[in-house]
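Peer 1: Below: sequence and its predicted model.
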Amino acid sequence: MRDKKKGFGFKTIFFVAFASILIGIAITARFDMTNYTTAQNFWRDPSSGSPNGTGIVPNNFVEIAKKLSPMVVNISTTQVLKERPMIPFPEFKGPFDEFFGDDFNKFFNEQPHGGKELKRQSLGSGFILNKEGYILTNFHVIENATEILVTLPDTKKELKAKVIGQDQKLDIALIKIKPDTDLPEAVIGDSDALQIGEWVLAIGNPFGLGGSVTAGIVSQKGRVIGAGPYDNFIQTDASINPGNSGGPLFNMKGEVVGLNTAIIAGGQGIGFATPINMVKEVLVQLKDKGKVTRGWIGVSIQELTPELAKSFGLKETKGVLISSVNPGDPADAAGIKAGDIIISFDGKPINELSDLPRTVASTTPGKTVDVKVLRDGKEKSVALRIGTKTDEEAVEQVPAEKETAPDQKLGITVQPITPDLAKRLGVTDTDGVIVTNIKPDSPAATAGIRRGDVIKEIDRKPVKNVKDYSKAITAAEKNDVVLFLIVRGNNTIYVVVKPKG
């Protein structure tokens with residue numbers, strides 16, 4: 001009699017499949033993938049349908065322009081501004097009062113003083129996100145608008161739009177119309193995949209002339225132009241002009257990779273677009289909440305210069321230097337200290353000053369991330385739970401006894417911070433010494449130390465009083481460079497000074 005072989009029956013297979021589904025649901029919930037699904041339902045990405053281009057650079061752009069232009073709308077806004085009132089003419093008082101009498105004052109003060117309302121119209125561009133009528137544009141296109149009209153390119157219909165959400169820091173706005181027909185949907189691409197030298201297409205409404213198409217290449221990525229705290233622009237030589245603001249920048253697959261945002265006055269062939277990946281990070285928040293809540297850790301930072309890197313014993317200038325940590329805030333709770341150099345945040349490398357604010361801002365509040373820092377030349381990992389505050393507070397980029405005699409090698413004169421002086425300075429901490437004089441052309445003056453700066457550390461050693469200062473400065477003058485930690489107003493910064501030989 002043969003033994004029966006045991007195998008997987010129907011019940012076993014059913015049980016395994018059911019268990020797998022449950023595990024999958026649990027994993028999805030654990031990693032918070034709901035927002036991703038919501039996002040995909042809100043806009044169309046390449047996986048949800050065929051793109052509008054081929055990815056191949058054409059001999060001409062006729063076909064791709066035909067497919068993409070219907071997704072781009074013209075936006076006109078009306079703003080009501082109040083004319084600034086004139087200052088009333090003061091009453092005339094003098095030796096000729098009897099001659100002029102009250103008529104003189106009446107003549108001037110009864111003239112029109114302004115204060116009337118003025119209407120101003122402006123034009124911009126935008127593109128259609130989905131069939132429900134959501135449209136993306138720049139914040140500055142719709143800022144302070146009392147009326148927003150959207151013109152559809154195919155039908156030339158004008159439809160009123162309302163603002164759903166806006167984010168001044170990223171200069172984006174989400175508006176909505178009530179469509180009475182099917183709308184073409186833009187495909188949202190991946191701006192991180194853009195390559196320098198890649199062909200792109202800009203479509204918009206320059207100078208209010210109506211739809212216009214220009215082509216060019218990606219000239220550079222990650223441009224910082226001083227427009228805001230999260231500068232990370234795509235630079236292109238596709239012609240962008242006033243009125244193009246809010247219009248899309250397309251790749252050759254017909255995917256939106258940027259939002260045309262800025263130009264340089266007087267510059268030719270230079271335009272800047274906000275990467276669409278930065279926009280995607282906040283779009284759902286704009287739709288659901290009307291505003292953006294960004295991550296925040298509560299630190300002040302400064303650039304790691306070659307001189308600072310040397311003073312910290314580092315060979316490279318990669319990373320961002322923490323100049324101060326707000327007591328009780330997320331970074332402080334995680335154990336991050338002034339003088340730490342952040343080189344990685346949530347798995348993303350931090351190489352330059354602008355990297356950290358952007359990375360922190362795009363991290364979901366409440367999430368615990370791994371932060372790698374260099375402390376005393378050694379790498380250390382810190383678990384940090386992201387907090388929530390306003391954008392301005394997310395990461396700040398960067399002041400009795402006798403005076404000391406000015407030291408010869410640095411040229412600094414200091415005095416202690418007395419309670420009376422602290423009150424005048426508006427500070428509560430009397431630890432440290434205040435710089436009362438700087439010798440012209442001295443090393444300290446060259447390095448940028450100023451009168452009124454409060455010295456808190458010298459070469460990483462705390463300075464609480466003049467005695468600490470004198471001791472630390474004597475030891476430090478023997479070194480090639482001296483590292484100062486100073487408080488200047490509301491900022492705390494590191495300064496490197498090279499003593500005279």
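Peer 2: It's in.
Peer 1: Quick check: residue 387 vs residue 153, distance?
Peer 2: 44 Å (C-beta to C-beta, to the nearest Å). C-betas here are computed from N, CA, C, even on glycine.
Peer 1: ignore the last one, residue 496
Peer 2: 56 Å.
Peer 1: can you check residue 488 too?
Peer 2: 53 Å.
Peer 1: Strands of the stretch 251-400 of the chain, residue ranges please.
Peer 2: In the stretch 251-400 of the chain, the segments counted as strands under DSSP state E, counting those that start in this stretch are 255-263, 271-275, 294-296, 299-303, 320-325, 341-345, 348-349, 368-375, 378-385, 387-389, 395-397.
Peer 1: The shortest one - which strands sit beside it in the sheet, and in what orientation?
Peer 2: Right, the one you point to is strand 348-349. strand 341-345 (antiparallel) (DSSP bridges).
Peer 1: Just the C-alphas of the partner strand, formatted as PDB.
Peer 2: This file holds the C-alpha atoms of strand 341-345, laid out as PDB (Å, rounded to 0.1, in the frame of the first residue of the first chain):
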ATOM      1  CA  ILE A 341      27.700  69.500  10.800                       C
ATOM      2  CA  ILE A 342      24.700  67.800   9.100                       C
ATOM      3  CA  ILE A 343      25.800  65.600   6.200                       C
ATOM      4  CA  SER A 344      22.600  63.600   5.700                       C
ATOM      5  CA  PHE A 345      18.900  64.000   6.500                       C
END
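Peer 1: got the strands of the stretch 251-400 of the chain as TSV, with mean pLDDT and distance to residue 131 columns?
Peer 2: Formatted as TSV, these follow (pLDDT from 0 to 100; distance: least, C-beta to C-beta, whole Å):
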stretch	mean pLDDT	distance to residue 131
strand 255-263	92	16
strand 271-275	93	24
strand 294-296	87	30
strand 299-303	87	43
strand 320-325	90	43
strand 341-345	95	38
strand 348-349	92	35
strand 368-375	95	37
strand 378-385	94	39
strand 387-389	79	33
strand 395-397	51	38
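Peer 1: Among these, which comes closest to residue 170?
Peer 2: Nearest of those to residue 170, taken as C-beta to C-beta: strand 271-275 at 6.6 Å.
Peer 1: other SSEs contacting that closest one?
Peer 2: strand 233-236, strand 255-263 (3 or more C-beta pairs under 8 Å, 6 or more residues apart in numbering; DSSP states H and E).
Peer 1: can we see that at 10 Å?
Peer 2: Helices and strands touching strand 271-275, by 3 or more C-beta pairs under 10 Å, 6 or more residues apart in numbering; DSSP states H and E, are strand 199-204, strand 212-223, strand 233-236, strand 248-250, strand 255-263.
Peer 1: what's around residue 313, how many residues?
Peer 2: Neighbours of residue 313 under the rule other C-beta atoms under 10 Å: 9.
Peer 1: which ones are touching it?
Peer 2: Residue 313 is in contact with 374, 376-377, counting by C-beta atoms under 10 Å, 6 or more residues apart in numbering.
Peer 1: Residue 216: which of those is nearest?
Peer 2: Taking C-beta to C-beta as the measure, residue 216 lies nearest residue 374 of the contacts of residue 313, at 40.4 Å.
Peer 1: what separates the closest one from residue 309, distance-wise?
Peer 2: 10 Å.
Peer 1: Kindly report the same for residue 295.
Peer 2: 27 Å.
Peer 1: Same drill for the two, tell me which one is more crowded.
Peer 2: residue 295 (25 against 19).
Peer 1: The closest residue to residue 500 other than its chain neighbours: what's it in contact with?
Peer 2: Nearest residue to residue 500 in three dimensions, chain neighbours excluded: residue 409, at 4.8 Å (C-beta to C-beta, 6 or more residues apart in numbering). Neighbouring residues of residue 409 by C-beta under 10 Å, 6+ apart: 442-444, 473, 476-478, 482, 497-501.
Peer 1: before we move on, what SS does residue 409 have?
Peer 2: coil (DSSP: H, G, I helix; E, B strand; the rest coil).
Peer 1: what number of residues lie near residue 225?
Peer 2: For residue 225, using other C-beta under 10 Å, the count is 15.
Peer 1: SS state for residue 470?
Peer 2: helix.
Peer 1: Quick check: the gap between residue 240 and residue 126.
Peer 2: 15 Å.
Peer 1: what's the answer for residue 443, then?
Peer 2: On the measure of C-beta to C-beta, residue 443 and residue 126 end up 54 Å apart.
Peer 1: what's the answer for residue 317, then?
Peer 2: Residue 317 sits at a distance of 40 Å from residue 126 (criterion: C-beta to C-beta).
Peer 1: between the two, who's got more neighbours?
Peer 2: residue 126 (30 against 17).
Peer 1: tell me the contacts of the more buried one?
Peer 2: 71-75, 134-138, 141-142, 148, 150, 161, 173-175, 204-205, 245-248, 259 are the contacts of residue 126 under C-beta under 10 Å, 6+ apart.
Peer 1: Residue 148 too?
Peer 2: 75-78, 124, 126, 135, 137, 141-142, 159-163, 173, 175-177.
Peer 1: Show me the residue at the heart of this protein, geometrically.
Peer 2: residue 230 (1.9 Å; C-alpha atoms, centre = their mean).
Peer 1: ok, it touching residue 261?
Peer 2: No: applying C-beta atoms under 10 Å as the test, residue 230 and residue 261 come out as separate, 11.6 Å apart.
Peer 1: any common contacting residues for the two?
Peer 2: 170-171, 274.
Peer 1: which among these gets closest to residue 289?
Peer 2: Nearest to residue 289 among those, with distances taken as C-beta to C-beta, is residue 170, at 14.6 Å.
Peer 1: Looks to me like that closest one is in a helix.
Peer 2: No: counting by three-state DSSP, residue 170 is not found in a helix; it is coil.
Peer 1: what's it sitting at in phi/psi?
Peer 2: Dihedral pair for residue 170: phi -100, psi 0, per degrees, to the nearest 10.
Peer 1: Was I right to think it contacts residue 277?
Peer 2: No: taking C-beta under 10 Å as the definition, residue 170 is not a contact partner of residue 277, at 11.6 Å.
Peer 1: and for those two, which residues touch both?
Peer 2: residue 232.
Peer 1: just to revisit the earlier point, quick one: the strands of the stretch 251-400 of the chain as a markdown table, columns for distance to residue 130 too.
Peer 2: Below are the strands of the stretch 251-400 of the chain laid out as a markdown table (distance: least, C-beta to C-beta, whole Å):
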| stretch | distance to residue 130 |
| --- | --- |
| strand 255-263 | 13 |
| strand 271-275 | 19 |
| strand 294-296 | 24 |
| strand 299-303 | 38 |
| strand 320-325 | 38 |
| strand 341-345 | 33 |
| strand 348-349 | 30 |
| strand 368-375 | 32 |
| strand 378-385 | 34 |
| strand 387-389 | 28 |
| strand 395-397 | 33 |
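Peer 1: among the ones you listed, which is nearest residue 210?
Peer 2: The nearest among those, by C-beta to C-beta, is strand 255-263 at 16.0 Å.
Peer 1: Okay, buried residues for the closest one please.
Peer 2: 255-263 (16 or more other C-beta atoms under 10 Å).
Peer 1: Show me which pair in those residues is furthest apart.
Peer 2: With distances taken as C-beta to C-beta, the most widely separated pair in these is 255 and 263, at 22.9 Å.
Peer 1: Would you mind checking which helix or strand in this protein has the lowest mean pLDDT?
Peer 2: helix 97-109 (a mean of 44; mean pLDDT, DSSP states H and E).
Peer 1: which stretches of the stretch 301-450 of the chain have low pLDDT?
Peer 2: 389-408, 419-420, 423-427 (pLDDT under 70).
Peer 1: could you redo the last one with a cut-off of 90?
Peer 2: 301-317, 323-329, 352-355, 357-359, 361-365, 376-377, 388-448, 450 (pLDDT under 90).
Peer 1: How is the chain partitioned into domains?
Peer 2: Structural domains annotated on the chain: 62-76+121-289, 83-115, 294-397, 412-497, as defined by automatic domain parsing.
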